[in-house]
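Colleague: predicted coordinates and the sequence they were generated for:
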Amino acid sequence: MGIEWGQGKERATLEEIRIRVGHALQRHPLCRNVQFDIMSVPRTARGGNWTISLHSVEPAALWEASDIVADIQAAYDLQMPAELCSAA
């Protein structure tokens, strides 16, 4: 039995995910100064294929920023370059 690709998640490019995370963090008053990096990773058993590294997070914003990122990770799956070529 293989891993189900996407598991009902919307496909997005790395840049689209970066924009969504940035906008979501900016909407929360405690998370406006959070810096982050997003990178693709090999698909995990939970189905994810991207991760985020949060930087400069104030202690008061840590839980909120983590929740925001978790919600976005649950909704989006990274569209791989090969998929971009075949979709065109």
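Modeller: Nice, thanks for sending it over.
Colleague: tell me the confidence at residue 14?
Modeller: What the model reports for residue 14 is a pLDDT of 91.
Colleague: could you do residue 47 as well?
Modeller: What the model reports for residue 47 is a pLDDT of 67.
Colleague: kindly report the same for residue 55.
Modeller: Residue 55 carries a pLDDT value of 89.
Colleague: just residue 82 next, same as before
Modeller: If you check residue 82, the pLDDT there is 56.
Colleague: and for residue 88?
Modeller: Value listed for residue 88 in the pLDDT field: 53.
Colleague: swap in residue 35?
Modeller: You'll see residue 35 listed with a pLDDT of 94.
Colleague: is it in contact with residue 58, as I believe?
Modeller: No. With contact defined as Cβ atoms under 8 Å, residue 35 and residue 58 do not form a contacting pair (11.4 Å). Every C-beta, even on glycine, is put in place using the N, C-alpha and C of the backbone.
Colleague: which residue ranges form the strands in the protein?
Modeller: Under the criterion DSSP state E, the chain contains strands at 10-12, 35-40, 50-55, 76-78.
Colleague: winner for burial among those?
Modeller: With neighbours defined as mean count of other Cβ atoms under 10 Å, the strands of the chain peak in mean count at strand 76-78, which reaches a mean of 22.
Colleague: give me the local confidence score for the residue nearest the centre of the chain.
Modeller: Residue closest to the average C-alpha location in the chain (Cα atoms, centre = their mean): residue 73, at 4.5 Å. At residue 73, the model reports a pLDDT of 90.
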